[in-house]
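Asks: Okay, sequence plus prediction incoming.
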Amino acid sequence: MPETHPIHNHLMQTQALSVRLGGKLRLSGVDLTLKPGECLAVIGPNGAGKSTLLECLSGDPAPDSGEIRLRDRPLADWSPEALAQVRAVLPQRTELTFPFTVREVVAMGLLWPKAADAQALLSDALTRFALSELAERVYPTLSGGEQQRAQLARVWLQFQQGQLSTKQPGLVILDEPLAHLDMRYQRQCLQTFQAACRDANAAVVMVLHDLQLAAQYADRLLLLDQGEVRAEGAPSEVLKAATLQAVYQCPLTVLTHPSGWPLVVPGD
Amino acid sequence: MNQPIGRPALLGLLWLTLVLCAIWALRQGVYSLSWAEWWQALHSPGATGVATQVVWELRLPRLLLAALVGAILGLCGAAMQGLFRNPLADPALIGVSSGAALASVMVIVLGSSLAFVPENAFWLRPLAGFLGGVAVTWFIYRFASRYGRTDIGVMLLAGVAVNAMAGAGMGLMSYLASDQALRQLTYWTLGSLSQADWAQVGLLLPVLIGALLGLMSYARALNLFLMGDRVVTHLGLSLPAMKRAVVLWTALGVGAAVSVSGVIGFVGLVAPHLVRLLIGPDHRWLLPASALMGACLVVVADTLARGLAAPAELPLGIIMAAVGGPFFLWLLWRHLRGGLLGGPHA
């Protein structure tokens, strides 16, 4: 657990971020701040620029205009090694056809595979994502959800080892972390990363498609549409029927869950 | 672990196999030696006498060259398969082999007519082969790179085109060749180590050491790369540096190997495949083990090439293809049934 860390008001900050890929404007004028201890969910329809935003925040591609600062330093000034200790990234897709075992895949998240605490961290990551039983299985033969858990464990491992080495709260960037997961593991995954925000003061940015879970687990939502921020703020402020209908272009109703968070259901 | 054998154990076993194959290769030959004579000759490199000459001038350089060529091809095959994320990729695919082959053939056919080339310049063909391999690979690499990214799919397709052009060039060369050059050319095209000498050994040894060290330092990056381009950067390693290193060392290694031995197929494919079956695809172990496995394969194949039709000699490439082809088909068939390519666990 990080003991001391200097106070940064913003762990990460972007200003007027614009990205053009293949001649098309993918992101336009995105302002975003992320405080330590905060969990931000990026929501929006297909092709809204969510993945592009997360890739930009990860450092590749560099924005065409605008600025990204991590711990008050321009992202472009960070060396890859230093960056890897501060932020861990789960890409939307990983294609692995070579017959690595689950243990080997998760261990690839280690920044220092030979460090004294590496094995302990590895088995902790395996346990946390319910992979201990699957550790010696061959990754390509697993189901989609099991593979996703292995990838999540890999990212968790990098995040943990990075935090231990820098003694500062880290940043986790997750592009659709819940893909292929069943209800139980969706919940476990979000709780795990939420706990990291609460206990270790880390920050999480993730793309979610499930608006209920986003409302339930994220501190803030960022609604993207056509590369622009349509709404930003607490779940109850962003999840408004009129806004969502305009953005998702389908009829929907916003109810309230007995526990208080907004529930978005399709249909009038 | 459900691997059939531990990783350090496999490396040890491969070394042992290589030593045993080497002893067999050094014993085997037209000139028969008793164990005592053989042992004596092996310990007296400076002595005069037929036994010493046979061992030190013929068999030893040839054995070392076979081991070096095999190690380089096995190593480069493993690295290339990582770069293409495909266990069936081969250095020949992106034109390294054909570039090296065309350059070497040009030296065989045109070399004597070039005024500036000194008589009997043994280094000329290796140099040309190396330059040819590097030139083609560099061209394909640049061709497929845009905005600092290298598109591996484009590299593969460009390699197909360049292979076809190099094939045309080789055809033209054999059309222009004199009878004597044509014989040499045909033999070389089939793959052979019959011209082995110490100079070639001295040329390939530093290439192998360089390629092994150069590629091993990117073993972790290659592992991550198998999960996607960005994963390498996400863990703080340099993706462009990794791609450059694999392309450069493969071009250098295969170019140099092809220039001394001709095109020997299947080693770069079969050696890493066997290793993956035994200890899995982790490049930190796959790369050195593939080099050792490749060395064993080529030493055995070359000893068979010398021995099967003695005193005549079969081209090494023919042995490799005749044994390697069916063997590879068998591997494919086994693993298609198991549903997995290149794994220890099918």
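Replies: Perfect, I can see it now.

Asks: Mind listing what's buried along the helix or strand where A:Val42 lies?
Replies: Assigned by DSSP states H and E, A:Val42 falls within strand A:39-43. For strand A:39-43, burial by neighbour count (16 or more other Cβ atoms under 10 Å in any protein chain shown) applies to A:39-43. C-beta here means a position set from N, CA and C on the backbone, and glycine is covered the same way.

Asks: residue contacts, B:Cys296?
Replies: B:14, B:17-18, B:21, B:70 (Cβ atoms under 8 Å, 6 or more residues apart in numbering or on different chains).

Asks: For the stretch 51-200 of chain B, which residues are neighbours of chain A?
Replies: For the stretch 51-200 of chain B, the contact set with chain A under Cβ under 8 Å from any Cβ of the partner chain comprises B:85, B:87.

Asks: Output the set of residues of chain A in proximity to chain B.
Replies: Checking chain A against chain B by Cβ under 8 Å from any Cβ, the hits are A:55, A:58-60, A:79-85, A:88-89, A:91, A:93-101, A:104-105, A:108-109, A:111, A:113, A:136, A:138, A:140-141, A:158.

Asks: Got a ChimeraX select line for the buried ones in the residues you listed?
Replies: ChimeraX command restricting those to the buried ones, with burial defined by 16+ other Cβ under 10 Å:
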select /A:55,58,59,60,80,83,84,85,88,89,91,94,96,97,98,99,100,101,104,105,108,109,111,138,140,141,158
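
Asks: Reformat the contacts of B:Cys296 as CSV; add pLDDT and secondary structure.
Replies: Listed next are these as CSV, based on pLDDT from 0 to 100; DSSP: H, G, I helix; E, B strand; the rest coil:
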residue, pLDDT, secondary structure
B:Leu14, 96, helix
B:Thr17, 96, helix
B:Leu18, 96, helix
B:Cys21, 95, helix
B:Gly70, 96, helix
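
Asks: Going along the chain, name the helices of the stretch 1-150 of chain A.
Replies: A:50-58, A:80-86, A:102-107, A:118-128, A:144-166 (DSSP state H, counting those that start in this stretch).

Asks: What is the last one packed up against?
Replies: With contacts taken as 3 or more Cβ pairs under 8 Å, 6 or more residues apart in numbering or on different chains; DSSP states H and E, helix A:144-166 sits against helix A:80-86, strand A:87-90, helix A:102-107, helix A:118-128, strand A:171-175, helix A:183-200.

Asks: now it and strand A:171-175, what's the angle there?
Replies: Using axes from the mean of the first three to the mean of the last three Cα atoms, to 10 degrees, the direction of helix A:144-166 lies 160 degrees away from that of strand A:171-175.

Asks: Run through the residues that contact B:Val54.
Replies: B:Val54 is in contact with B:29, B:31, B:33, B:41, counting by Cβ under 8 Å, 6+ apart.

Asks: which stretches of the chain have low pLDDT?
Replies: This is for chain A. Counting by pLDDT under 70, the ranges of chain A that qualify are A:1-8.

Asks: sorry, should have said chain B
Replies: Scanning chain B with the threshold set as pLDDT under 70 gives B:1-4, B:93, B:112-122, B:147-150, B:335, B:338-346.

Asks: thinking again about what came up before, closest to B:Arg334 among the contacts of B:Val54?
Replies: The closest of the contacts of B:Val54 to B:Arg334 turns out to be B:Gly29 (Cβ to Cβ; 35.8 Å).

Asks: Tally up the residues packed near that closest one, please.
Replies: Counted with other Cβ atoms under 10 Å in any protein chain shown, the neighbours of B:Gly29 add up to 18.

Asks: separation between it and chain A?
Replies: For B:Gly29, the distance to chain A (Cβ to the nearest Cβ, to the nearest Å) stands at 41 Å.

Asks: Disregarding residues adjacent in the polypeptide, which is nearest to that residue?
Replies: Take B:Gly29 and drop its neighbours on the chain: the residue closest to it by Cβ to Cβ, 6 or more residues apart in numbering or on different chains is B:Arg59, 6.1 Å away.
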